[in-house]
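Colleague: when you get a sec, could you give me coordinates for this:
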Amino acid sequence: MKIYLLTFFLILSSLGFSYAQDKPNMWKTLADITYIKKYDDFLGFKVDFPVFSEKVEALDGKEIEIRGYIIPIEGYKSHKEFIFSAYPYNMCFFCGGAGPETVMEIQASQPIKYTAEPITIRGKLKLNDEDINQLMYAMTDVKKVE
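Modeller: As a prediction, the model looks like this:
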C-alpha cells in the first residue's frame, strides 16, 4: 500500500512540476529586447529606446496574463492605476535592482486591493518605444486573476 501511495504522489508532483515548467514566463518573454540610442531634443542628449523582438512585438495589443507585484509609488492615484513589477519593491527597477523591462504601467478595469504578495493579472499589453516619459510596457483593461 505504501508503494502505491508513494508512486501516486510522485506522479502527481511530476505532473505539477511539468505544468509549471510548460507555463510561459511572461516577464522572461518581455525581457527579449535590445536598445538603440536616439537623440532627444528636449533633454539635449542621446537616450536609450527599446527595440522589441518579434516575439514581443507579436504581443502588442493582445491580452496577456502575468504574475508580479504591485509597487506603491508616490502619486499612486488609486487601486486602478499602479506600477506592476516582476520583483518585490526592494528589488524593483525603481530601487535600482532591475531593468526597465521588469515594470509596467497598469490601468485596471476595477479596483485591485494592494498586497505585498505576488498576484496574477490579465489585460491588454501596449508597447511603448517612443515616449521616454512613459514605461516601455503598459496594460489596460486589467483584472486580477483569482
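Colleague: mind listing the strands for this protein?
Modeller: For the chain, the strands defined by DSSP state E occupy 33-40, 45-52, 63-71, 81-85, 103-108, 119-127, 137-144.
Colleague: now the last one and strand 119-127, what's the angle there?
Modeller: Taking axes from the mean of the first three to the mean of the last three C-alpha atoms, to 10 degrees, one finds that strand 137-144 is oriented at 140 degrees with respect to strand 119-127.
Colleague: please apply the same query to the second one.
Modeller: Orientation check (the same axes, to 10 degrees): strand 45-52 against strand 119-127 gives 110 degrees.
Colleague: buried set for strand 45-52?
Modeller: Phe49, Pro50, Phe52 (16 or more other C-beta atoms under 10 Å). For glycine as for every other residue, the C-beta is placed from the backbone atoms N, C-alpha and C.
Colleague: picking that back up, okay, the strands of the chain in CSV with mean pLDDT next?
Modeller: Converted to CSV, the strands of the chain look like this (pLDDT from 0 to 100):
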stretch, mean pLDDT
strand 33-40, 93
strand 45-52, 94
strand 63-71, 95
strand 81-85, 92
strand 103-108, 95
strand 119-127, 98
strand 137-144, 97
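Colleague: include distance to Met91 when you put those into a markdown table, please.
Modeller: Shown next, in a markdown table, are the strands of the chain (distance: least, C-beta to C-beta, whole Å):
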| stretch | distance to Met91 |
| --- | --- |
| strand 33-40 | 20 |
| strand 45-52 | 21 |
| strand 63-71 | 9 |
| strand 81-85 | 8 |
| strand 103-108 | 11 |
| strand 119-127 | 16 |
| strand 137-144 | 18 |
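Colleague: which among the ones you listed is found nearest to Asn25?
Modeller: strand 63-71 (8.6 Å; C-beta to C-beta).
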